[in-house]
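Asker: Just to be clear, the model below is a prediction. Sequence and coordinates:
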Amino acid sequence: MNQQRITLYTDGGASPNPGPGGWGVVILTGDDQRELSGAEAHTTNNRMELTAAIRGLEAVVTEADAVQVITDSQYLRRGVTEWLAGWIAKGWRKKDGSAVLNADLWRCLAELTAGRQVDWAWVKGHAGHRHNERADALATAAADTLRGGRGLKAQGAESGPTQQGSPPTARSIHLRLSCHRGRGRWVALVRDGGEERLVEGRRNGTTGNELEVLAGAELLAELPEAEPVTFFAPSDYLRLGASEWLAAWRRRGWRTAGGKAVKNQSAWQALSRQLAGRTVHWRESSEEPEVRKRLDQALRSSKGAETSQSGKKRGGR
C-alpha cells in the first residue's frame with residue numbers, strides 16, 4: 001500500500017511577546033487543503049509555534065501516513081530534531097540543570113510524534129512561501145479576532161475535530177457540574193443563534209472527571225454535526241483531554257504515554273465518537289457573570305429538588 005503524504009505548514013506568534021497570540025496551520029493532502037487556527041489571550045511566540053504544530057499533528061492522527069511539518073521557527077524544528085530526546089532522558093531538564101521551558105507543550109509533541117514518520121523542515125518566514133504566508137495570516141487573524149478585530153476570511157475548509165482558543169461560534173455550550181460521594185449533577189446553558197436553553201443531567205456511582213466527560217458527550221450528541229460549536233469546559237480535564245490528549249490516547253489503543261490504561265476510558269470513547277466529524281472549539285469556563293449566575297442557580301435548584309425528593313422518600317418509610 002502506498003503511503004499518503006501529508007504536509008503541514010505551521011506558524012504562530014504573540015504581539016506583544018508575551019501577550020495575545022494566534023496560531024495557524026495549512027494541511028495539504030494531495031489536492032485537498034484544510035486550515036486550522038486559534039488564539040490565546042496570554043501566550044508567547046514560542047508557545048504559539050509549538051501549539052500550531054500540535055494542532056496540525058492532532059488533525060492527522062493516522063500513523064500509516066508520512067507527515068512533513070514545515071515551519072519558520074528554528075526553536076520548533078531544532079527542539080524536535082536536536083534537543084527533545086536529551087530533554088526526555090534528563091527528565092525535562094536542560095544541560096545546565098534548569099527546567100525546560102514550555103515542557104507541557106514539548107511533552108505533547110513527544111507523544112504525537114512517537115512511532116510516527118514525521119519530517120521537519122525550516123523555511124524563512126515572510127519570504128514569499130505561499131503556504132507559510134497563509135499560516136502566518138491565519139495566526140494573525142485569529143489573534144486579531146481575539147482582540148476584537150475582523151479576522152480573516154478562510155480559504156478552503158476550516159476544519160478540525162478539536163480546537164482551543166478559537167473565535168466564538170453561533171452555537172455554544174457552557175457546562176457546570178457538582179459531584180459528591182458518587183452522586184453527580186450537571187447543568188449546561190446551550191446557546192444556538194439567538195436562542196438559549198438549560199439542559200441538566202444526573203448520574204450516580206461516578207466521579208467528577210467521568211461526569212464531566214460524559215456530560216460533554218451527551219450535550220454534543222444533541223447538536224447537529226454540521227455546525228461548529230464552542231464548548232466552555234468547567235475544568236482542564238475535559239478541555240485539555242479533548243483538545244490535546246485524546247488523539248494520542250486513541251492512537252495508542254487508549255493507553256497513556258507511560259503505557260497505563262486511560263482512566264474513564266469508556267467516557268472518553270463516548271466523547272470521541274461525538275467529536276468525529278465535528279468542529280469543536282474548546283475554551284476555559286466562561287467568565288460572563290450572567291452565565292455563571294444562571295448555571296449556579298440552576299445547579300442549586302437541581303440540588304434542592306433532589307434533597308426535597310429524598311426527604312419525602314425518607315418520611316414515607
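Answerer: Looks like it arrived, so ask away. Numbers count the residues shown, from 1 in each chain.
Asker: In stretch 254-261, which residues are buried?
Answerer: Going by neighbour count (16 or more other Cβ atoms under 10 Å), nothing in stretch 254-261 comes out as buried. In this view, the C-beta of every residue, glycine as well, is placed from N, C-alpha and C.
Asker: From start to finish, how long is it in a straight line?
Answerer: End-to-end distance for stretch 254-261: 6 Å, by Cα to Cα, to the nearest Å.
Asker: quick one: contacts of that stretch?
Answerer: Arg107, Ala110, Glu111, Ala114, Ala248, Trp249, Val262, Gln265, Trp268, Gln269 (Cβ atoms under 8 Å, 6 or more residues apart in numbering).
Asker: Swap in 6 Å and give it another go.
Answerer: Glu111, Val262, Gln265 (Cβ atoms under 6 Å, 6 or more residues apart in numbering).
Asker: and Arg250, what element?
Answerer: helix 246-251 (DSSP states H and E).
Asker: List phi and psi for the closest residue to Ala103 other than its chain neighbours.
Answerer: Take Ala103 and drop its neighbours on the chain: the residue closest to it by Cβ to Cβ, 6 or more residues apart in numbering is Trp92, 4.8 Å away. Main-chain torsions, Trp92, degrees, to the nearest 10: phi 60, psi 40.
Asker: what about Trp92, how many neighbours?
Answerer: 14 (other Cβ atoms under 10 Å).
Asker: Give me the pLDDT for it.
Answerer: On pLDDT, Trp92 comes in at 92.
Asker: One more: the one 10 residues further on?
Answerer: Here, the pLDDT recorded for Asn102 equals 92.
Asker: and what of the one 5 residues further on?
Answerer: Confidence at Arg107, expressed as pLDDT, is 92.
Asker: helix, strand or coil for it?
Answerer: When classified by DSSP: H, G, I helix; E, B strand; the rest coil, Arg107 comes out as helix.
Asker: Against Ile88, how distant is it?
Answerer: From Arg107 over to Ile88 the distance is 9 Å, taken as Cβ to Cβ, to the nearest Å.
Asker: between the two, which one's more packed in?
Answerer: Comparing Arg107 with Ile88 by neighbour count (other Cβ under 10 Å), the higher total belongs to Arg107, at 17 against 13.
Asker: If you tally nearby residues, what's the number for Ile75?
Answerer: For the record, residue 75 is Tyr, not Ile. 15.
Asker: Sorry, wrong one. I was asking about Ala226.
Answerer: Neighbour tally, Ala226, other Cβ under 10 Å: 8.
Asker: cool, and Asn264?
Answerer: 19.
Asker: secondary structure element for the nearest residue to it once chain neighbours are set aside?
Answerer: Nearest non-adjacent residue to Asn264, counting by Cβ to Cβ, 6+ apart: Glu210, 4.5 Å away. Element membership of Glu210, judged by DSSP H and E, is helix 208-221.
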